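K.L.:
A predicted structure for the sequence below; I have some questions about it.
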Amino acid sequence: MLRERWESALPFESFLQTARSNVDLWHAIHQRAHVPPDLLARAAALRTRWHLLVLSEDWCGDAVNTVPVVARLAQLAGTLELRILARDENPDLMDAHLTGTSRSIPVVMALDSDFVEHAWWGPRPAELQAWFLAVGKTMEKAERYREIRTWYARDGGVSTLGEIVGMLEKAEAR
């Protein structure tokens, strides 16, 4: 089942061409995306060639701040390939990767060469998710999103990349 989903999913560049929301932001974050050398070395050292299947939508603020950075890692590492599926067109897959009861995205699934899922990450870095659950949910939407955007800009994708590389290392060690 996941092999068919993978084959129907879009490579990141094709996803960018189909995006209708946040188009400039998707492109800008991808162009500015920087992968720290230590994280790139760790990803390049993975023995498994991982397929990263991402559930996302172009309107999602968390996705636009994380997926372009993960796409840059995949482009540089040589051990990773990334493709994107629309969350709204894959409710069964989304429901298998819920954060509580929420259909929060993005979700990054780690699939091996046989398209068996070993782990998944999402919808945002652990530090930001903890803040969101403790403080962010109590704020007005506009103020909450301003704080989230500021956090992502300060972090530059480092937390996301560290968590995803760590997830892949753990999956490979099993």
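P.N.:
Cool, the structure landed.
K.L.:
so is L85 in a helix, a strand, or just coil?
P.N.:
What DSSP: H, G, I helix; E, B strand; the rest coil gives for L85 is strand.
K.L.:
same deal with V108?
P.N.:
strand.
K.L.:
which residues of the protein fall in strands?
P.N.:
Secondary structure of the chain by DSSP state E: the strands cover 10-11, 50-56, 80-86, 107-111, 117-121.
K.L.:
which one of these lies closest to R154?
P.N.:
Checking those against R154 by C-beta to C-beta gives strand 117-121 as the closest, at 20.0 Å. Where you see a C-beta, it was placed from the backbone N, CA and C, and this is true even at glycine.
K.L.:
Minimum distance to K141: which of the strands of the chain has it?
P.N.:
Closest to K141 of the strands of the chain, according to C-beta to C-beta: strand 50-56, at 20.4 Å.
K.L.:
which outside residues touch that closest one?
P.N.:
2, 5-6, 9, 15, 63, 67, 70, 74, 79-87, 90, 93-94, 97, 105-113, 115, 122, 164, 168, 171 (C-beta atoms under 8 Å, 6 or more residues apart in numbering).
K.L.:
Any of these buried? List them.
P.N.:
Those of the contacts of strand 50-56 that meet the buried threshold are 2, 5-6, 9, 15, 63, 67, 70, 74, 79-87, 90, 93-94, 97, 105-111, 115, 122, 164, 168, 171, by 16 or more other C-beta atoms under 10 Å.
K.L.:
And the spatially most central residue of the chain, how close does it get to L161?
P.N.:
Nearest to the mean C-alpha position of the chain, counting by C-alpha atoms, centre = their mean, stands V67 at 4.3 Å. Using C-beta to C-beta, to the nearest Å, we find V67 at a distance of 12 Å from L161.
K.L.:
go on, P106?
P.N.:
Distance, P106 to L161, using C-beta to C-beta: 13 Å.
K.L.:
So which bits of stretch 8-25 are buried?
P.N.:
Buried-residue list, stretch 8-25, by 16+ other C-beta under 10 Å: 9-10, 12, 15-16, 19, 22, 25.
K.L.:
Great, nothing more from me.
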